[in-house]
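Engineer: sequence unknown, structure follows:
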């Protein structure tokens, strides 16, 4: 069984992942209302991915017979000044999640919980992709702020932010990949 400190921190991280999912829904709705369907679709998919991360954490806690606490989440930010602001928020959020996941790895290592440390490694790798993707998207949106349809073209043309659905090394998800 994982160290109690790790279990507490992972339950806290579940809240962060669900909150990230909600934030991405709010961003997707913003782009949907602006008639930017590719940006909206990208963030709807990101929302599902973040929910999936939370459910992977739930499954891990169940697998190791630890207490699972589905915590409340803070509400997402709604209403944005332009098309750039939501992506800046997303990038900042991904950087914060990277720090949170690194903290989980540190707790696991310091408590000698090598199974939990191994579990967290996948999320660390995932965060490199998430931060890179949001950074690239932010650069693209800044360049295209005067004409948002250029971003739509970019997203239509490029395979961007493919998610983790096909990652054979991904931890299992509670409830399957719903």
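Structural biologist: Yes, it's here. This one's a predicted model, so the numbers in the text were calculated from it and none came from an experiment.
Engineer: Counting by contacts, list what the helix or strand of the chain with the lowest mean pLDDT packs against.
Structural biologist: Least confident helix or strand of the chain, by mean pLDDT, DSSP states H and E, is helix 149-157 with a mean of 92. If you count contacts as 3 or more C-beta pairs under 8 Å, 6 or more residues apart in numbering; DSSP states H and E, helix 149-157 packs onto helix 37-63, helix 114-143. No exception for glycine: its C-beta is placed from N, CA and C like everyone else's.
Engineer: can you pull the buried residues of the last one?
Structural biologist: For helix 114-143, the buried set under the neighbour-count rule, 16 or more other C-beta atoms under 10 Å, comprises 116-117, 119-120, 122-123, 126-127, 130-131, 133-134, 137-138, 140-141.
Engineer: now, among those, which is nearest to residue 86?
Structural biologist: Among the buried residues of helix 114-143, residue 141 lies closest to residue 86 (C-beta to C-beta), at 8.9 Å.
Engineer: for the closest one, what are its contacts?
Structural biologist: Neighbour list for residue 141: 83-84, 87, 148, 151 [criterion: C-beta atoms under 8 Å, 6 or more residues apart in numbering].
Engineer: low-scoring stretches of the chain, by residue?
Structural biologist: By pLDDT under 70, the low-scoring segments of the chain are 161-166, 168, 174, 176-178.
Engineer: any chance of the helices and strands packed on helix 149-157 in CSV, with distance to residue 16 too?
Structural biologist: Below are the helices and strands packed on helix 149-157 laid out as CSV (distance: least, C-beta to C-beta, whole Å):
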stretch, distance to residue 16
helix 37-63, 8
helix 114-143, 11
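Engineer: any idea which residue of the protein is furthest from its center?
Structural biologist: Distance from the centre of the chain peaks at residue 146, with 28.0 Å (C-alpha atoms, centre = their mean).
Engineer: Can you classify that one as helix, strand or coil?
Structural biologist: coil (DSSP: H, G, I helix; E, B strand; the rest coil).
Engineer: could you list every residue that touches it?
Structural biologist: If you count contacts by C-beta under 8 Å, 6+ apart, residue 146 has none.
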